[in-house]
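> below is the structure, and that's it, no one-letter string:
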């Protein structure tokens, strides 16, 4: 019984140490609320929810590559503009990104929270500008090349995946909106 207590205490202490280490690496560059307010001239209101149905699921899985695959995505919309808060793992931890899309092309992409120990250069505007005006091709790839950052390859790839996903989800929302009008 004493041995079990020692093992549980050791596990608890290791978990606490890991959690503390991860929290130290977390860099918050912008809040979700602030990002959404900047994305729209008017108050966007409550977010919508896009459920990943059987038609959307294979496309999401193909873009994200590794599980877990979300069952739904929150978005904000005003007219032909949508804003998305998405997460994808860089090397080990998720990167939280805000993406604004209008008329099928990326207007802006920002790193809201970065949790990895290195590779945070993806937050700089010099890198992010490459995504401006990118569209989704028929093969669900980006319409323009995105140059990587030495030492931040996994973070760069994560940003590419999230931008592709946001464009795909935007397309689905706009199709759904058109169908509702008919």
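Yep, it's here. Just so it is clear, the structure is predicted and the values come from calculations on it, not from any experiment. Numbering: from 1, shown residues only.
> going forward, measure contacts and count neighbours with C-alpha atoms only.
Noted.
> which residues of this protein fall in helices?
For the chain, helices defined by DSSP state H occupy the ranges 2-25, 32-39, 57-64, 125-128, 153-181.
> worst average pLDDT in those helices?
With a mean of 56, helix 2-25 has the lowest mean pLDDT of these.
> surely residue 152 meets residue 121?
Yes: between residue 152 and residue 121 there is a contact under C-alpha atoms under 8 Å: 7.3 Å.
> just give me the residue right at the centre of the protein.
The chain has residue 86 as the residue nearest its centroid, 2.5 Å off, counting by C-alpha atoms, centre = their mean.
> so that one sits against residue 98, correct?
Yes: proximity of residue 86 to residue 98 meets the contact threshold set by C-alpha under 8 Å, at 6.5 Å.
> so what's the residue nearest to the centre of the chain closest to, chain neighbours aside?
For residue 86, ignoring the flanking residues on the chain, the nearest one in space by C-alpha to C-alpha, 6 or more residues apart in numbering is residue 97 at 5.3 Å.
> residue 75 contacts residue 86, correct?
No: counting by C-alpha under 8 Å, residue 75 sits too far from residue 86 to count as a contact (9.5 Å).
> report pLDDT for residue 30.
For residue 30, the model assigns a pLDDT of 93.
> I'd say it and residue 109 touch.
No: using C-alpha under 8 Å, residue 30 is not in contact with residue 109, being 12.0 Å away.
> neighbour count for those two, which is higher?
Legend: neighbour count by other C-alpha atoms under 10 Å for residue 30 and residue 109, higher for residue 109 (25 against 15).
> that one pairs with what?
residue 99 (DSSP bridges).
> repeat for residue 72
Going by DSSP bridges, residue 72 forms beta bridges with residue 51.
> so who does it touch?
49, 50, 51, 52 (C-alpha atoms under 8 Å, 6 or more residues apart in numbering).
> cool, residue 103 as well?
80, 81.
> for the residue nearest to the centre of the chain, give me its contacts.
96, 97, 98, 99, 162, 166.
> gap between the second one and residue 84?
Distance check for residue 97 against residue 84: by C-alpha to C-alpha, to the nearest Å, it reads 8 Å.
> try residue 170
9 Å.
> same check, this time on residue 61
18 Å.
> do the same with residue 141
From residue 141 to residue 84 the distance is 18 Å (C-alpha to C-alpha).
> done for today, thanks.
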